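Undergrad: my questions concern the predicted model and sequence given below.
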Amino acid sequence: MSSKYTTVRLVIEGEHFEILVSPDAALNFKQGKQVEPSQVIAADEVYSDSSKGLRVNGEKLRKYFKTDNMAEAAIEVLKRGELQLTQEQRKRLLEDKKRNIIAIISKNFVDPKTSLPHPPLRIEQAMQEARISIDPFKDAAAQTKEVVERLRTILPLKSERLRLLVKVSPQYSGQTIGVLKNFGEILKEEWGADGTLSAIVEIPAGSQPGLLDKLGSSTKGAAQATVVR
């Protein structure tokens with residue numbers, strides 16, 4: 001098999017089916033991006049073992065794919081089969097997924113002693129210490145719950161939400177609403193006759209430093225934010 005290609009493998013009732021694919025195009029296809037199968041599949045051939053060049057015969061194609069057309073069967077293998085990632089792809093996907101999970105934890109959990117989020121590096125070190133494996137294809141949010149449970153024996157984590165009362169003068173009120181919506185849920189907003197904004201927003205406690213920084217930069221320090229009960 002050429003090093004330019006990887007495989008998509010499908011097992012049906014113990015029978016193995018493989019196709020050769022372009023690695024990056026296949027990954028984009030599997031991630032739901034708009035890619036035509038013709039850009040993914042390297043050859044309209046279905047193999048039982050691509051490394052040995054063993055092709056599946058027409059009888060098996062008809063039995064398992066209801067067609068003896070290789071191109072049609074290859075598309076079915078592409079859709080239903082498992083992509084064999086290259087080392088580079090796996091490394092890249094794992095790093096991206098790990099960063100996403102760390103960001104979710106940092107945003108939604110705090111150190112109960114300080115009520116501040118743990119630094120991303122500390123979370124990453126704890127994940128390594130706990131020997132946590134990341135699934136490159138599984139959604140980051142779906143994996144976070146399990147990761148957090150395993151981290152609790154190493155890293156104190158507390159899920160906490162805060163309500164902030166944010167007040168800002170008219171010239172910055174429009175952009176402030178957008179900032180607040182990006183960080184959390186606006187529970188209440190009041191507009192003064194002159195356009196002054198007063199809003200209560202609920203956010204994950206770990207998001208507070210980021211929100212305050214964003215408010216400070218977008219309003220040139222004019223926003224006031226206080227924790228409310």
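TA: Received the coordinates, thanks.

Undergrad: just give me the neighbour total for residue 17.
TA: Using other Cβ atoms under 10 Å as the criterion, residue 17 is surrounded by 24 other residues. Placement of C-beta: from N, CA and C, glycine included.

Undergrad: isn't it right up against residue 45?
TA: No. Using Cβ atoms under 8 Å, residue 17 is not in contact with residue 45, being 10.7 Å away.

Undergrad: just the buried positions in stretch 182-196, please.
TA: Under the neighbour-count criterion of 16 or more other Cβ atoms under 10 Å, stretch 182-196 has 183, 184 buried.

Undergrad: what comes into contact with it?
TA: Applying Cβ atoms under 8 Å, 6 or more residues apart in numbering, the external contacts of stretch 182-196 come out as 163, 167-170, 173, 177, 180, 197-204, 207, 210-211, 214.

Undergrad: in strands only, show me the residues you listed.
TA: 163, 167, 168, 197, 198, 199, 200, 201, 202, 203, 204 (DSSP state E).

Undergrad: only the buried subset of the residues you listed, as a ChimeraX command please.
TA: Applying 16+ other Cβ under 10 Å to the ones in strands among the contacts of stretch 182-196 leaves a buried subset, and the ChimeraX line that selects it is:
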select :163,167,168,197,199,200,201,202,203,204
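
Undergrad: let me have the ones in strands among the contacts of stretch 182-196 in TSV, extended by pLDDT.
TA: As requested, the ones in strands among the contacts of stretch 182-196 are exported to TSV (pLDDT from 0 to 100):
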residue	pLDDT
163	93
167	94
168	93
197	93
198	95
199	94
200	95
201	95
202	93
203	91
204	87
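
Undergrad: ok, the ones in strands among the contacts of stretch 182-196 vs residue 10, which is closest?
TA: residue 204 (40.7 Å; Cβ to Cβ).

Undergrad: how close does that closest one sit to residue 132?
TA: In this structure, residue 204 and residue 132 are 21 Å apart, going by Cβ to Cβ, to the nearest Å.

Undergrad: same question for residue 177.
TA: The spacing between residue 177 and residue 132, counted by Cβ to Cβ, is 38 Å.

Undergrad: who has more neighbours, these two?
TA: Shown here are residue 177 and residue 132; by other Cβ under 10 Å, residue 177 has more neighbours (18 against 15).

Undergrad: quick one: that one and residue 215 touch, right?
TA: No. Under the contact definition of Cβ under 8 Å, residue 177 does not touch residue 215, with a separation of 11.5 Å.

Undergrad: tally of neighbours for the residue nearest to residue 136 when sequence neighbours are not counted?
TA: Nearest residue to residue 136 in three dimensions, chain neighbours excluded: residue 93, at 3.6 Å (Cβ to Cβ, 6 or more residues apart in numbering). Burial of residue 93 is recorded as 17 neighbouring residues (other Cβ under 10 Å).
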